[in-house]
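1. Test case, fold it:
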Amino acid sequence: MENYLTSNNVADNQELLALDEQVKKEIDIAEEFAENSPLPEGREALEGLYATPL
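-> Residues are numbered from 1 along each chain as shown. This next block holds a predicted model:
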């Protein structure tokens, strides 16, 4: 994807590096939130685990 974006002048390497850093920061924030959150109890632990059948 990086090659496609740079070769088609959609983004340059500097923009991609900035985007990569932003994504890493968002992941770190989400990870910290998850690690500091209490574990769910009982049935709540299964909520959103599986998609609802169509």
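
2. State the distance from V23 to G42.
-> Distance from V23 to G42, counting by C-beta to C-beta, to the nearest Å: 34 Å. In this view, the C-beta of every residue, glycine as well, is placed from N, C-alpha and C.

3. Compare neighbour counts for these two and give me the winner.
-> Per other C-beta atoms under 10 Å, whichever of V23 and G42 has more neighbours is V23, with 10 against 6.

4. pLDDT averaged over stretch 46-54 - what is it?
-> Mean pLDDT, stretch 46-54: 72.

5. cool, and stretch 1-19?
-> Rounded mean pLDDT across stretch 1-19 is 95.

6. If you count neighbours, what's buried in it?
-> Judged by neighbour count using 16 or more other C-beta atoms under 10 Å, the buried positions of stretch 1-19 are A11.

7. next one: stretch 3-21 to chain centre, how far?
-> The chain centroid and the centroid of stretch 3-21 are separated by 18 Å under C-alpha atoms, centre = their mean, to the nearest Å.
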